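K.L.:
Give me coordinates for this.
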Amino acid sequence: MTAADLSALIKAHPLKLACGLLALLLAPGIYILSGRIDDAETLFEQKSAEGARLASNLRNAALLPDQLSSLAVSTKKIEERLVRASQLANNLQYFYQQEAESGIELIDVRQTSGTVQKGRPGSSYIGVGFAVSVKGTYPVLLNWLRRLENGKHYCRILSFSTGTSRVKREAPLDFNLSIELLGQP
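P.N.:
Below is the predicted model:
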């Protein structure tokens, strides 16, 4: 093909030739940009998810002051009901007070060691253990157990055993309990 033939071909089909050249010039750009579209879509999805999370946080943040004050009140109530493992006299006085108010006969009460709550490393709460032996009639002892469970301190009964005299059926029952009161070291 000579230059004159090429010139005649260009004059005869100028639009087709311009489109062909444009396609050749734009093909590498389209190829490069097509890889970036997937990256842009992934980034868009990440930013959309983060935006939705931040919008949710902003909606929920309106309730934070109320929730914080409620949490502070609840924490104060819990702190008031804790026993201190190091305050042996005060802890034993609790059981002597229970004896005076409920009518049971306190045979023995001993504070065992406090144990850190399982599954809660770094927790400031411990279970302060007590071994308690009491004597009384069945209704009085049940009343005392209710008072203990609903009393001043949070209480958990770990083990329990009871017994009575085989000679007299009307004899008072003996309760032996192993309990924990929620406390701090």
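K.L.:
show me what contacts E79?
P.N.:
Going by Cβ atoms under 8 Å, 6 or more residues apart in numbering, E79 touches no other residue. C-beta here means a position set from N, CA and C on the backbone, and glycine is covered the same way.
K.L.:
What's the separation between it and Q184?
P.N.:
Computed as Cβ to Cβ, to the nearest Å, the E79 to Q184 distance reads 9 Å.
K.L.:
what does L43 give?
P.N.:
Distance from L43 to Q184, by Cβ to Cβ: 50 Å.
K.L.:
Which one's more surrounded, these two?
P.N.:
Between L43 and Q184, Q184 has the larger neighbour count (other Cβ atoms under 10 Å), namely 16 against 11.
K.L.:
and the helix or strand hosting K77, C-alpha only, in CSV?
P.N.:
Using DSSP states H and E, K77 falls within helix 64-80. Output of helix 64-80 as CSV, limited to C-alpha atoms (Å, rounded to 0.1, in the frame of the first residue of the first chain):
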residue,chain,number,x,y,z
LEU,A,64,-24.8,6.9,77.6
PRO,A,65,-25.1,9.5,80.3
ASP,A,66,-28.3,7.8,81.6
GLN,A,67,-26.7,4.4,81.5
LEU,A,68,-23.6,5.7,83.2
SER,A,69,-25.5,7.1,86.1
SER,A,70,-27.6,3.9,86.4
LEU,A,71,-24.4,1.9,86.4
ALA,A,72,-22.9,4.1,89.1
VAL,A,73,-25.9,3.7,91.3
SER,A,74,-25.9,-0.1,90.8
THR,A,75,-22.2,-0.2,91.6
LYS,A,76,-22.7,1.8,94.7
LYS,A,77,-25.4,-0.6,95.9
ILE,A,78,-23.2,-3.6,95.2
GLU,A,79,-20.3,-1.9,97.1
GLU,A,80,-22.6,-1.4,100.1
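K.L.:
buried stuff in that helix?
P.N.:
Using 16 or more other Cβ atoms under 10 Å as the burial criterion, none of the residues of helix 64-80 qualify.
K.L.:
do the same with stretch 77-95
P.N.:
Buried, per 16+ other Cβ under 10 Å, within stretch 77-95: L82, V83, A85, N91, Y94, F95.
K.L.:
For those, could you give me a markdown table that also reports secondary structure, pLDDT and distance to N176?
P.N.:
As requested, the buried residues of stretch 77-95 are arranged in a markdown table below (DSSP: H, G, I helix; E, B strand; the rest coil; pLDDT from 0 to 100; distance: Cβ to Cβ, whole Å):
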| residue | secondary structure | pLDDT | distance to N176 |
| --- | --- | --- | --- |
| L82 | coil | 91 | 25 |
| V83 | strand | 90 | 21 |
| A85 | coil | 86 | 22 |
| N91 | helix | 89 | 18 |
| Y94 | helix | 91 | 18 |
| F95 | helix | 91 | 14 |
